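Visitor: need a structure here:
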Amino acid sequence: MSRKNEKGVALILTLILLAVLSVMAVSLLFMAQAETWSGMNYRLMTQARYGAEAGIHKAANFLQSTSYTAPTATQIATNFTLTASPVTYGGNPAALSANSALGSSNYPISSDTTGFASNAAGSLTTGNTTVNYGAYAQLLAVQSFTTYPSVSNAVVEKWLITSDGSITGVRNAKVRVSAIMERQKTPTFAYAAFATATGCSAMSFGGGGTTDSYDSAAMTYSGGNVVTQPYGGNVGTNGNLSASGSSTIINGSLSTPRSGTGSCSTSTVTALSTNGNATVTGGITELPQIVTYNTPPAPTPTPSNTSMTVANNNPSCTSFPAQCSALPSANPTALYITAGTSSTSATQLGALTIKGDLHLVPPVGTAAGSVVYINAYSLTANGNPNIYIDPIPGTSPAQYAQIMLNVAAAGTIDLTGSNIANPSLIPGNFQILYAGTNQITMNGGSQTAALVYAPNAPFKLNGGGSLYGSVVAGQITDLGGGDIHYDRELERQFFQMGQYMLSSFNWQKY
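Guide: Numbering: from 1, shown residues only. Alright, predicted model coming up:
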């Protein structure tokens, strides 16, 4: 067989194989380069995005800081148009800018304009790369309101913050990030009871104690008593709820930053501990963080620790001539104390011991729903006195003011055995403020409607009566079968500042 025609085949095959390998090598080089560039692009875009997010947080930090001056109620009313979102100022969106590419500042407070420009722009260094960022904030909504329990105005705002992060070099990168930052007003009395303590038994219900709710704006009666509904009696605590007794029912939910049920200990604070078939009908809502309440303002001036007594069958008001100079009616068996018309002109009481009937009265001519003020060093009930929340003198049908009783932090509140009668059954018509840490004790009753705001003090509902309203206290104890009936109208009254929130993050590359 002749092999003459096969000479040189090996060389040809070698050349073909070499060509194939060369093509493969070149392809691998291109793939490696593409992967390198892709990795670099991803790294640069990620760094640019982090830079843009830094701008978001720098802007948010400035808007939450004391360097930022929120507009006053007057400025809001005179400078802003609130009927659209974003809010406009001078016909253009109200805005603060540290990034001219996104827009310029348009805001009535010059210190905010300069402060935002210097605080919401900057750069970050990562390796050999510098990331520049700059933010722009548009005011989407703003509202002024009176905070509780103070009488000062507060402002809540909603901002759309947009920030660019950019890298300039051999390869450029730019990412734009946006987020919503807002601070809402929240009801101060959002629960039938809220205990600020963080440990075990911060809140204790037992002996058949219950919570439920009613609506003071649409009350119905049965057998002379207000009809309540078996829902809406939500409770909350920063710690643990201990519920015991077969007839103890929380007709609502338990809100707490704690989790889990069962035994509670100092090392493991559970949300709920129950025995005896006590129930929480609405389950447990886990809060994202501890809830804080502002300490109420101290009575000004501080009431003196002078002993004062409301005696049984008190023949006149000679014990308190300043407070009783204008009696609404003649009643020789009771003492009438007329409230002051402002916090600075509040009626001043000392260490008051209540043995006989006591009437707390708004001044003649007070507008319905207005706040009137009484300051006291301490309150102690002795015997079984009645404490009446009287209507505005001369009104028919009866109209009520909001009597705010502020007790000095060094004093105590012990109303054991007394009967508080607020015939309106509107809790806001009798408000007890207390900044101290001593025990507060109250009795319930068929007309005991009140708000108790004492975020640092332990509170005890004594006996098996009813309290219509809400309690904010350090610790809350109801082991005698008392009922707390939450007024759902409180969800629309008495607000305080909520927490700041950042949400709705979006990003895109350019």
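Visitor: can I assume residue 504 sits in a strand?
Guide: Yes - checked against DSSP: H, G, I helix; E, B strand; the rest coil, residue 504 lies within a strand.
Visitor: test my guess that it contacts residue 177.
Guide: No - Residue 504 lies out of contact with residue 177 (Cβ atoms under 8 Å); the separation is 11.0 Å. C-betas here are computed from N, CA, C, even on glycine.
Visitor: out of those two, which sits in the more crowded spot?
Guide: residue 177 (24 against 11; other Cβ atoms under 10 Å).
Visitor: helix, strand or coil: sort out that one for me.
Guide: Residue 177 ends up strand, using three-state DSSP.
Visitor: how about it: what's its closest non-neighbour residue?
Guide: Nearest non-adjacent residue to residue 177, counting by Cβ to Cβ, 6 or more residues apart in numbering: residue 52, 3.9 Å away.
Visitor: same check on residue 336?
Guide: residue 359 (4.5 Å).
Visitor: next helix or strand past the lengthiest helix in the chain?
Guide: With secondary structure taken from DSSP state H, the chain has its longest helix at helix 9-64. Using DSSP states H and E, the next helix or strand after helix 9-64 towards the C-terminus is helix 73-79.
Visitor: what mean pLDDT does that following helix get?
Guide: What helix 73-79 shows for mean pLDDT is 90.
Visitor: equivalent analysis for stretch 370-383, please.
Guide: Here stretch 370-383 scores 94 as its mean pLDDT.
Visitor: show me what counts as buried in it.
Guide: Under the neighbour-count criterion of 16 or more other Cβ atoms under 10 Å, stretch 370-383 has 371, 372, 373, 374, 375, 376, 377, 378, 379, 380, 381, 382 buried.
Visitor: could you do stretch 250-263 as well?
Guide: The neighbour-count check on stretch 250-263 (16+ other Cβ under 10 Å) flags 250, 251, 252, 253, 254, 255, 256, 257, 258, 261 as buried.
Visitor: quick one: the fourth one from residue 243, how far?
Guide: When distances are taken as Cβ to Cβ, to the nearest Å, residue 253 and residue 243 turn out to be 13 Å apart.
Visitor: what do these two both touch?
Guide: Shared contacts of residue 253 and residue 243, defined by Cβ atoms under 8 Å, 6 or more residues apart in numbering, are found at residue 280.
Visitor: got the contact list for residue 291?
Guide: Contacts of residue 291 (Cβ under 8 Å, 6+ apart): 194, 196, 236, 238, 257.
Visitor: pipe those into CSV and attach pLDDT, secondary structure and distance to residue 494 per row.
Guide: Formatted as CSV, those follow (pLDDT from 0 to 100; DSSP: H, G, I helix; E, B strand; the rest coil; distance: Cβ to Cβ, whole Å):
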residue, pLDDT, secondary structure, distance to residue 494
194, 98, strand, 13
196, 98, coil, 17
236, 98, strand, 16
238, 98, coil, 20
257, 97, coil, 23
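Visitor: ok, the residues you listed vs residue 446, which is closest?
Guide: Nearest to residue 446 among these is residue 194, at 24.4 Å by Cβ to Cβ.
Visitor: pretty sure that closest one sits against residue 474.
Guide: No - using Cβ under 8 Å, residue 194 makes no contact with residue 474, being 10.2 Å away.
Visitor: looking at those two, which has the bigger crowd around it?
Guide: Set residue 194 next to residue 474 and count neighbours by other Cβ under 10 Å: residue 194 wins out with 25 against 20.
Visitor: follow-up on the earlier one: rounded mean pLDDT for the longest helix of the chain, please.
Guide: According to the model, helix 9-64 has a mean pLDDT of 79.
Visitor: quick one: neighbours of residue 278, just the number.
Guide: By other Cβ under 10 Å, 23 other residues sit near residue 278.
Visitor: now do the contacts for it.
Guide: Counting by Cβ under 8 Å, 6+ apart, residue 278 touches 205, 206, 243, 244, 245, 246, 248, 249.
Visitor: poorly predicted segments of this structure, please.
Guide: Within the chain, the segments meeting pLDDT under 70 span 1-8, 30, 32-41, 170, 313-334.
Visitor: try 50
Guide: Counting by pLDDT under 50, the chain contains low-confidence ranges at 318-330, 332.
Visitor: show me it divided up by domain.
Guide: Listed by automatic domain parsing, the domain ranges of the chain are 40-187+498-509, 193-496.
Visitor: with distance to residue 12 added, can I get the ones you listed in CSV?
Guide: Output for those, formatted as CSV (distance: least, Cβ to Cβ, whole Å):
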stretch, distance to residue 12
domain 40-187+498-509, 42
domain 193-496, 75
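Visitor: just name the most buried of these.
Guide: domain 193-496 (a mean of 19; mean count of other Cβ atoms under 10 Å).
Visitor: can you tell me the SS state at the closest residue to residue 439 other than its chain neighbours?
Guide: Using Cβ to Cβ, 6+ apart and skipping the chain neighbours, the partner closest in space to residue 439 is residue 458 (5.3 Å). Judged by three-state DSSP, the three-state class of residue 458 is strand.
Visitor: number the residues from 56 up from this point.
Guide: Sure, I'll start numbering at 56, so the last one becomes residue 513.
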